[in-house]
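[1] A predicted structure for the sequence below; I have some questions about it.
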Protein chains: 2
Amino acid sequence: MLTVSQAIAAILAEVQPLHPVRVPLADALGLVLAEPAIAQLDSPPFDKALMDGFAVRSADLPEGRATLRVIEEVMAGQVPRRALAAGEATRIMTGAPVPAGADCVVQVEHTRLVPGAGPIEVAIETGGVKPGKNLLKRGASTAEGECVLPAGRMLRPQELGALAELGSASVAVIGRPRVAVLATGDELVSLESQPGPGQIRNSNETMLVAQLRQMGVTPVPLGIARDNAADLRERISAGLTHDVLLLSGGVSAGQLDLVPSVLADLGVRQVFHKVRLKPGQPLWFGVYDRPKSIPHWVPPVTETRGASRCHVFGLPGNPVSSMVCTELFARRALRQLMGITPVEPAPVRARLTCEHFNHGNRPTYHPAALEWTQAGAVVAPVPWIGSADLSATVCANAMALFSDADRHYRAGEMVDVFLW
Amino acid sequence: MLTVSQAIAAILAEVQPLHPVRVPLADALGLVLAEPAIAQLDSPPFDKALMDGFAVRSADLPEGRATLRVIEEVMAGQVPRRALAAGEATRIMTGAPVPAGADCVVQVEHTRLVPGAGPIEVAIETGGVKPGKNLLKRGASTAEGECVLPAGRMLRPQELGALAELGSASVAVIGRPRVAVLATGDELVSLESQPGPGQIRNSNETMLVAQLRQMGVTPVPLGIARDNAADLRERISAGLTHDVLLLSGGVSAGQLDLVPSVLADLGVRQVFHKVRLKPGQPLWFGVYDRPKSIPHWVPPVTETRGASRCHVFGLPGNPVSSMVCTELFARRALRQLMGITPVEPAPVRARLTCEHFNHGNRPTYHPAALEWTQAGAVVAPVPWIGSADLSATVCANAMALFSDADRHYRAGEMVDVFLW
């Protein structure tokens, strides 16, 4: 049986980043740049006033004071028509272009208009001025042609703002994966139904869809497939048109665990079945390369999107197993599909606040509460009765890894913790 | 002029959590429960097999071995029709209800069907069985009537899964704020346009909308208002029908900074104007209580939503000022509107990797790169030429607070850092 790291390596070996697509900036949050972003403009695009006040020549104010003739007024969005000569000033607003000849801006608070019938004059009294004071030179932040962002950069609000300012209204990014979610099992009923005897609600769909949303991918819930080959075949086929298919249930050793055989019938190549961990041992993973004749879902805004592979995770049906396998395995595949680095987020090393016995023969990813203290990260495993016990996880914000089977961990030991 | 903490206190004093609304579970990610969630069912709803195998009476296997008569087969979703008597076993699948009389499940791996013409028999050989082995008793995880989640709990994937399993298909939560974004300024052009002389692109809308998305609220971009009272009046009026209005630009001391006077004309009560920080000093904040006659936007799924107040932030127009003020001030107001606790996320204490001089007379929130090392958190301020220099922030993942004005910070000093 594969170890967790062997399974992750086997998954990542099968996953290529999705092909680039061009999307409007407003749709690019959380996606990764597919090509370097080059500044189309200087920033600022002109010498720009950073304060409301008067654009002046610093040489006119050797001791920080003078009375100057006001020759013009420039608002943001306007353009100065006149260059400053000696003894002249231009009234200016924050964000407006500074006129030629001026080399600094004096804040309005240090100025006073001089009353009189002749030309408008301004009296300036300030501690001193230096060239460059209160203005930003054209291109000081970024020069036209400069690389604003390299390819591979994930787009957060500030990157989107910088692209809006300097680049274009759309951007080439690695696509956002569409991930189908299909629960299997005769015992499942929809959320709206009251479960009858022997039945439970399809809570995995709700949970998995929320996990996928948090990861920034597009979840596509496909409902419930019943435990018979015909229904599984039909619904799994629909799932295979997506970039990833998360199945839950039907992968353990039960008589009705038909999922692996239906997947094989449909041409999905098994990469592995079963991983040495708790919870989640029955995990199944395989890939399906769509024949050219099967149309692939095409996003509304696209230049090219050639990915024709569906990555199929057969998650164990118990909710905590589903959740843990999605975090540990599917999340890494999704990050690689999206071009996000690092693919494997580093664990947090944290100190156990209490002793813990790891029963059984497998490494355990135990729901746990991680807390940051002045003395560093501390972690407490939450009471948990196994893979069906989802209500334990609501007290947890992380998984603590107890990698040694059947071992007593002492309070104060350091363990690896993975944040949820 | 208010300090940052005085300004935050003044904001929070004006903000009440939004009224509860009932939404489908699928729409509740990131929202806060408005009432305790009580389990409508036991979990599991029956004594449930955790393994594929045979349900048995542990008394029948005193030394872990026996040959038993198989009386029935129960799949997940089915219900056992017969109780076990001495010497009997029921074949059972993971997730299926365990029959009355059985007190444990033996994994299929430890069993072997006995060939023969008579009644089906199973030979069991295991190290030993204990009552309760491989089954989960009805209600062991959660009992009907138990509080699954208290009011005030934020809903993550695991909470949604637990509610799907135990509660109902919809849930009463504190509403998701709708936040209007309106940029002001004659110098602004839309993203699609090439800026002419003196013009810049409206990058703030793109950036603010992305920041709001990350905070889990619903952004409503309203475009650009020009620097004249009529246009401002019309567009600000539209903004006031939302829970929050983020204006950018028009709040400093310039002649065309009409925003505060238009807001006053429209009946928005100013709470403060200007805060002692860099960047972002011109920040304006006020509130508008809608008269009953003005219809408030009503979400599609709602029982009650009575909030009739719009919280108005006049953000300074320079992009880094807008970004920092949204993070420091608007984010806290939004968390309080959504009922998220704590409203003020704790800063990370981090060690400066290099010396830094904080020029000027105000506390500075400086774009910075925070990194977690084995020795704890370390932070480096990124090169930054001021509030118009958005491209500096793409190298940053945080703001480092240099609270002392005009002071030299040494490498190795500890400072407060706020993650972006």
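    Received, thanks. Numbering: from 1, shown residues only, chains lettered A, B, ... in the order given.
[2] check which helix or strand the nearest residue to A:Thr353 once chain neighbours are set aside maps to.
    The shortest distance from A:Thr353 to any non-neighbouring residue, by C-beta to C-beta, 6 or more residues apart in numbering or on different chains, is to A:Ala380 (4.5 Å). No exception for glycine: its C-beta is placed from N, CA and C like everyone else's. According to DSSP states H and E, A:Ala380 maps onto strand A:376-381.
[3] now for that strand, which elements pack on it?
    Here strand A:376-381 touches strand A:348-352, strand A:364-373, strand A:398-402, strand A:414-419, going by 3 or more C-beta pairs under 8 Å, 6 or more residues apart in numbering or on different chains; DSSP states H and E.
[4] show me what it is in contact with.
    By C-beta atoms under 8 Å, 6 or more residues apart in numbering or on different chains, the surrounding residues in contact with strand A:376-381 are A:348-354, A:356, A:366-371, A:398, A:400, A:415, A:417, B:376.
[5] what's the ChimeraX line that selects buried ones from these?
    Filtering these down to the buried ones (16 or more other C-beta atoms under 10 Å in any protein chain shown) takes a single ChimeraX command:
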select /A:348,350,351,352,353,356,366,367,368,369,370,398,400,415,417
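[6] domain map for chain A?
    A:4-19+A:175-338, A:37-41+A:143-173, A:48-136, A:348-419 (automatic domain parsing).
[7] any chance of JSON lines for these, columns mean pLDDT and distance to B:Val312?
    Putting the domains of chain A into JSON lines (pLDDT from 0 to 100; distance: least, C-beta to C-beta, whole Å) gives the following:
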{"stretch": "domain A:4-19+A:175-338", "mean pLDDT": "90", "distance to B:Val312": "30"}
{"stretch": "domain A:37-41+A:143-173", "mean pLDDT": "94", "distance to B:Val312": "21"}
{"stretch": "domain A:48-136", "mean pLDDT": "93", "distance to B:Val312": "20"}
{"stretch": "domain A:348-419", "mean pLDDT": "92", "distance to B:Val312": "34"}
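[8] go through these and name the closest to B:Leu246.
    The minimum distance between B:Leu246 and the domains of chain A falls on domain A:37-41+A:143-173, with 12.7 Å, by C-beta to C-beta.
[9] how long is the closest one end to end?
    Taking C-alpha to C-alpha, to the nearest Å, domain A:37-41+A:143-173 runs 11 Å from one end to the other.
[10] list the buried residues of that domain.
    Buried, per 16+ other C-beta under 10 Å, within domain A:37-41+A:143-173: A:37, A:39-41, A:148-149, A:151, A:153-168, A:170-173.
[11] likewise for stretch A:395-415?
    A:396-403, A:409, A:415.
[12] and A:Ala59, that's in a strand?
    No - with DSSP: H, G, I helix; E, B strand; the rest coil as the criterion, A:Ala59 is helix rather than part of a strand.
[13] and it, what is it in contact with?
    Here A:Ala59 is in contact with A:Ala86 (criterion: C-beta under 8 Å, 6+ apart).
[14] and the gap between it and chain B?
    Distance from A:Ala59 to chain B, counting by C-beta to the nearest C-beta, to the nearest Å: 24 Å.
[15] SS state for A:Val251?
    coil.
[16] quick revisit: please name whichever of the helices and strands packed on strand A:376-381 is nearest to B:Arg213.
    Using C-beta to C-beta, these put strand A:414-419 closest to B:Arg213, at 20.9 Å.
[17] okay, that closest one in CSV with CA atoms only?
    What follows is strand A:414-419, C-alpha atoms only, in CSV (Å, rounded to 0.1, in the frame of the first residue of the first chain):
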residue,chain,number,x,y,z
MET,A,414,6.4,18.6,18.4
VAL,A,415,4.1,17.4,15.6
ASP,A,416,3.3,18.5,12.0
VAL,A,417,-0.1,20.2,11.7
PHE,A,418,-1.9,21.0,8.4
LEU,A,419,-4.4,23.9,8.6
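[18] what angle sits between it and strand A:364-373?
    Interaxial angle of strand A:414-419 relative to strand A:364-373 (axes from the mean of the first three to the mean of the last three C-alpha atoms, to 10 degrees): 90 degrees.
[19] and the stretch 201-350 of chain A, which of its residues are near chain B?
    A:201-211, A:213-214, A:227, A:249, A:252-257, A:317-319, A:323, A:349 (C-beta under 8 Å from any C-beta of the partner chain).
[20] roughly how far does the residue nearest to A:Val179 when sequence neighbours are not counted sit from chain B?
    Counting by C-beta to C-beta, 6+ apart, A:Val179 lies nearest to A:Val244, which is 4.3 Å off, once chain neighbours are set aside. Distance of A:Val244 to chain B, computed by C-beta to the nearest C-beta: 17 Å.
[21] contacting residues around A:Val244?
    Here A:Val244 is in contact with A:177-180, A:217, A:310-313, A:330, A:333-334, A:337 (C-beta under 8 Å, 6+ apart).
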